[in-house]
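K.L.:
Sequence below, structure please.
(one chain, ligands or ions: 2)
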Amino acid sequence: MSKIIVRGGRKLTGNVKINGAKNAVLPIIAASILGSEGESVIHDAPPLDDVLVINKVLQSLGIQVEYDQQVIRVRAEQITTCEASYELVRKMRASFLVMGPLLARLGQARISLPGGCAIGTRPIDQHLKGFEAMGASIELGQGYIEARVKGRLKGAKIYLDVASVGATENIMMAASLAEGTTIIENAAKEPEIVDLANYLNAMGAVIRGAGTGIIRIEGVEKLCGAVHTVIPDRIEAGTYMIAAAITGSDLYMENAIGDHLRPVISKLQEMGVLVEEDENGIRVRATGTLRAVDVKTLPYPGFPTDMQSQMMALLMVADGTSLVTETVFENRFMHVEEFSNMNAQIKVDGRTAIVSGNSKLQGAKVCATDLRAGAALILAALAAEGETEISGTHHIDRGYVSIADTLCELGADIRRVSPPQEVEEEAVEIGFFNIQPTLA
Ligand SMILES: CC(=O)N[C@H]1[C@@H](OP(=O)(O)OP(=O)(O)OC[C@H]2O[C@@H](n3ccc(=O)[nH]c3=O)[C@H](O)[C@@H]2O)O[C@H](CO)[C@@H](O)[C@@H]1O
Ligand SMILES: C=C(OP(=O)(O)O)C(=O)O
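P.N.:
Residues are numbered from 1 along each chain as shown. Ligands and ions are numbered 1, 2, ... in the order given. Sure, this is the predicted structure:
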């Protein structure tokens, strides 16, 4: 198993080029299934493990996918099966986003149940409620969900009980090819929803209101491939912003969009960190003592749950006690135990973590329990005394492009060590780029 080894205490300086957003590119690749004519060309697709997995899902459906130099080309004229297997869906829950496009395009989809994960049970009832409202029948059996519709899906009014990002995306994609108008009420408002709607509209869809709580989709008969550039990753940007703050450094996040990061920027400013925005990015400078602040995660435009663990790392070294409340996922405090191994003082009471500041963090052997927990451990390690060894790096690879190399170039003492056999396996995986589709 590969490990990331960090020796804390170094200042960072320089420019970080923010990659395309993982959570935007995954639904956009899934939406390419809807294009029955022409090629889709997706620019700024970050080279992440999750992107390789969704590409493999499409290839397993018989769709042509090529990936080179951060550009993905998809041709979905031919689809040979409507089934996404357990082997692929278990690797990444977002694979379930192919359900809506397959159902709309083929009238049938059979997808392995995505199951829960370290951060919560993560049900899909709102996705299914949407498909059923559009006329699909849903059956569960042998670990698979099968959805079918006779003819086309029908437009419907769908109120989401929770403003789910994935359900909004899945329903929006399905509704794009439905007969008539679909209205999603209590829709999620994340920037990634707007990016997906822009891509679908470029394919020929008619979607209005993305980014608000009410999205209106006029179904069309056909969608075609389109050219699109993915938005910058607000969570990657936010993570490097905290790297600057926790190390008392000065970093510029090139491409980062301030409007997508309002709650993170305002919390950093409340803590006494200097944040300056211009049209090309965001500069973050830590100038002295960090003040404790309370943070509560909420759907967009609230504070993102995907930044909760990184923010907690910063609050561990702030002056005073902070409360961190997680309202989006019921079990997203797995990092607390790992932080405690680094000498942090945190108590969890239900959905709130009480973080005592001024911790003198110590290097330790710790484990990334999920993607953002892994990033947060790296951040804590940058501020800790001595050496931290982080295992579970496969979680981190899902969402950060070469984070150890990037931090090393900025001045951190960080390296990744992989046993020789694993280096070989990684090379084989990279060989996956540009291969022709294989059938399931
Ligand atoms: C690939 C991707 O974009 N992942 C993001 C997406 O995940 P994802 O789309 O899975 O997250 P959701 O917005 O759907 O989940 C939010 C909450 O709604 C609940 N829920 C969701 C669907 C449903 O049918 N029923 C239900 O009860 C979930 O259990 C969770 O408590 O949004 C999350 C919330 O911002 C982020 O943390 C993830 O990084
Ligand atoms: C939770 C995340 O991703 P996913 O929904 O793909 O698990 C994340 O990006 O932090």
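K.L.:
Contact residues of the stretch 201-350 of the chain facing ligand 2?
P.N.:
Residues of the stretch 201-350 of the chain found near ligand 2 (CB under 6 Å from any ligand atom) are Asp306. C-betas here are computed from N, CA, C, even on glycine.
K.L.:
the domain parsing of the protein - what is it?
P.N.:
3-19+233-426, 22-231 (automatic domain parsing).
K.L.:
Reformat the ones you listed into CSV and put mean neighbour count and mean pLDDT next to each item.
P.N.:
CSV is the format used below for the domains of the chain (neighbours: other CB atoms under 10 Å; pLDDT from 0 to 100):
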stretch, mean neighbour count, mean pLDDT
domain 3-19+233-426, 20, 96
domain 22-231, 20, 96
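K.L.:
For the stretch 251-400 of the chain, which residue gets nearest to ligand 2?
P.N.:
Nearest residue of the stretch 251-400 of the chain to ligand 2: Asp306, at 4.0 Å (CB to the nearest ligand atom).
K.L.:
quick one, phi psi at the closest residue to that residue other than its chain neighbours?
P.N.:
Counting by CB to CB, 6 or more residues apart in numbering, Asp306 lies nearest to Ile235, which is 4.6 Å off, once chain neighbours are set aside. Main-chain torsions, Ile235, degrees, to the nearest 10: phi -80, psi -40.
K.L.:
still on that earlier bit, OK, contacts around the residue of the stretch 251-400 of the chain closest to ligand 2?
P.N.:
Contacts for Asp306 were tallied using CB atoms under 8 Å, 6 or more residues apart in numbering; they are 23, 235, 372.
K.L.:
Where does it sit: helix, strand or coil?
P.N.:
Using DSSP: H, G, I helix; E, B strand; the rest coil, the structure places Asp306 in helix.
K.L.:
tell me, which of the contacts of Asp306 make contact with ligand 1?
P.N.:
Within the contacts of Asp306, those near ligand 1 by CB under 6 Å from any ligand atom are Asn23.
K.L.:
quick check, nearest of the contacts of Asp306 to ligand 1?
P.N.:
The closest of the contacts of Asp306, once distances to ligand 1 are taken by CB to the nearest ligand atom, is Asn23, at 3.4 Å.
K.L.:
Residue numbers of this structure in contact with ligand 1?
P.N.:
Residues of the chain lying near ligand 1 (CB under 6 Å from any ligand atom): 23, 26, 94, 120, 122-127, 162, 164-167, 188, 192, 305-306, 328-329.
K.L.:
Mind telling me which residue of the stretch 1-150 of the chain is nearest ligand 2?
P.N.:
For the stretch 1-150 of the chain, CB to the nearest ligand atom, closest residue to ligand 2: Ala94, 4.7 Å.
K.L.:
Not counting residues beside it along the chain, what's closest to that residue?
P.N.:
Using CB to CB, 6+ apart and skipping the chain neighbours, the partner closest in space to Ala94 is Leu26 (4.5 Å).
K.L.:
Over to Ala210?
P.N.:
Ala197 (3.4 Å).
K.L.:
Pull the residues that contact the helix or strand Ser322 falls within.
P.N.:
Following DSSP states H and E, one finds Ser322 within strand 321-325. Outside strand 321-325, the residues that touch it by CB under 8 Å, 6+ apart are 292-297, 308, 311-312, 315, 351-357.
K.L.:
How about the secondary structure of Lys360?
P.N.:
coil.
K.L.:
Contacts only, for it.
P.N.:
Per CB under 8 Å, 6+ apart, neighbours of Lys360: 343, 385.
K.L.:
what's the answer for Pro419, then?
P.N.:
1-2.
K.L.:
Would you quantify the distance from it to Thr393?
P.N.:
12 Å (CB to CB, to the nearest Å).
K.L.:
what does Asp349 give?
P.N.:
Asp349 is 31 Å from Thr393, by CB to CB.
K.L.:
go on, Ala109?
P.N.:
33 Å.
K.L.:
Then Lys154?
P.N.:
Taking CB to CB, one finds Lys154 at 46 Å from Thr393.
K.L.:
which residues does Arg110 bridge with?
P.N.:
Glu83, Glu146 (DSSP bridges).
K.L.:
Which residues are in contact with the residue nearest to Ala94?
P.N.:
50-51, 54, 92, 94, 97.
K.L.:
ok, now Gly155?
P.N.:
Per CB under 8 Å, 6+ apart, neighbours of Gly155: 134, 175, 178-182, 217-219.
K.L.:
do the same with Leu88
P.N.:
Leu88 neighbours (CB under 8 Å, 6+ apart): 53, 56-57, 60, 95, 112.
K.L.:
Tell me which helix or strand it sits in.
P.N.:
helix 86-89.
K.L.:
After that helix, which helix or strand is next? Please name it.
P.N.:
Heading C-terminal from helix 86-89 (DSSP H and E), you reach helix 99-106.
K.L.:
gap between the two ends of stretch 22-38?
P.N.:
24 Å (CA to CA, to the nearest Å).
K.L.:
so Pro304 touches Val264, yeah?
P.N.:
Yes: under the criterion of CB atoms under 8 Å, Pro304 makes contact with Val264 at 7.3 Å.
K.L.:
Common neighbours of these two, please.
P.N.:
By CB under 8 Å, 6+ apart, the residues touching both Pro304 and Val264 are 234, 238.
K.L.:
Need the nearest residue in space to Met134, chain neighbours excluded.
P.N.:
Using CB to CB, 6+ apart, the closest residue to Met134 is Leu153 (4.1 Å).
K.L.:
Actually, Lys347.
P.N.:
Using CB to CB, 6+ apart, the closest residue to Lys347 is Ile354 (4.7 Å).
K.L.:
And for Thr289?
P.N.:
Asp319 is the one closest to Thr289 (CB to CB, 6+ apart), at 5.1 Å.
K.L.:
What distance do you get for the one you found to Val284?
P.N.:
18 Å.
K.L.:
what do you get for Ile235?
P.N.:
Counting by CB to CB, the gap from Ile235 to Val284 is 15 Å.
K.L.:
got it, and Ala197?
P.N.:
30 Å.
K.L.:
For stretch 134-145, which outside residues touch it?
P.N.:
Residues contacting stretch 134-145 (CB under 8 Å, 6+ apart): 83, 86, 99, 103, 110-113, 124, 128, 131-132, 146-150, 153-156, 158, 171, 174-175, 178, 182.
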